[in-house]
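# this one's sequence-less:
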């Protein structure tokens, strides 16, 4: 297990170095276990599935891509400390993980699918999730990048929309291919935003899909740039 007090871009590389070192020092490790815990414990060590658990305040995009694309045997766990009134509360959230195939030293698809699979409309092990329309893939890529630009977020494809979350949802993305735009709902108080007709809308009292009371209509890259400050506010509030 590797713990970082803050955000360290090299945490996954460092953890994988430790896993590699452990494999290379198998005899020494077993001897240490035998000395400390006995022969039975040493014989019970399962070398088929060594993995690393990285605990940090956040993870870079580079870390998540490395885990997902290279299928490294790593769990990424984000922690957050809440200290309200002197009573500390520690929250742990599993950001990414790779599952092992039981019969071999090979890994199966990551638990959390990468954005490429979401864009292709595929989500292994998650039935009936929303697919990104072909005509909106490029625009959605810009929206996704803008929503993720301020730090590590979890992208969760659901049946009707794609949710973005930190400790809680910060917003959702919905697709309107027939109208040629993407709708982003944000967890922001509409009273704190200067609403612009045709761009932002107060959803309070209106039945809608997704998380949040503020709707942002994105029809172009310019709209993404206009919405960036709102995306950042929602990220910081989550």
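Alright, I've got the coordinates. No experiment lies behind these values; they were computed from the predicted model shown.
# what's the domain layout of the chain?
Per automatic domain parsing, the domain ranges recorded for the chain read 2-110, 115-237.
# For residue 32, which phi and psi angles does the backbone take?
phi -70, psi -40 (degrees, to the nearest 10).
# okay, now it: neighbour count?
12 (other CB atoms under 10 Å). Every residue, glycine included, has its C-beta placed from N, CA and C.
# ok, now residue 50?
Neighbourhood size, residue 50 [other CB under 10 Å]: 16.
# ok, it touching residue 23?
Yes - because the distance of 6.4 Å satisfies CB atoms under 8 Å, residue 50 is recorded as touching residue 23.
# For residue 96, which non-adjacent residue is spatially closest?
residue 76 (4.4 Å; CB to CB, 6 or more residues apart in numbering).
# ok now do the one you found, which residues does it touch?
12, 54, 56, 59, 63-64, 67, 94-97 (CB atoms under 8 Å, 6 or more residues apart in numbering).
# and with 6 Å instead?
Residues in contact with residue 76, defined by CB atoms under 6 Å, 6 or more residues apart in numbering, are 54, 59, 95-96.
# Quick check on the residues you listed: which are buried?
54, 59, 95-96 (16 or more other CB atoms under 10 Å).
# Closest to residue 27 out of these?
residue 54 (26.3 Å; CB to CB).
# who's that closest one bridged to?
residue 2, residue 76 (DSSP bridges).
# pretty sure it is in contact with residue 15, am I right?
Yes - in this structure, residue 54 is within contact of residue 15 by CB atoms under 6 Å, at 5.1 Å.
# Need the pLDDT of residue 189.
Per-residue confidence (pLDDT) for residue 189: 94.
# Quick check: the gap between it and residue 92.
29 Å (CB to CB, to the nearest Å).
# And residue 80, by the same measure?
Taking CB to CB, one finds residue 80 at 8 Å from residue 92.
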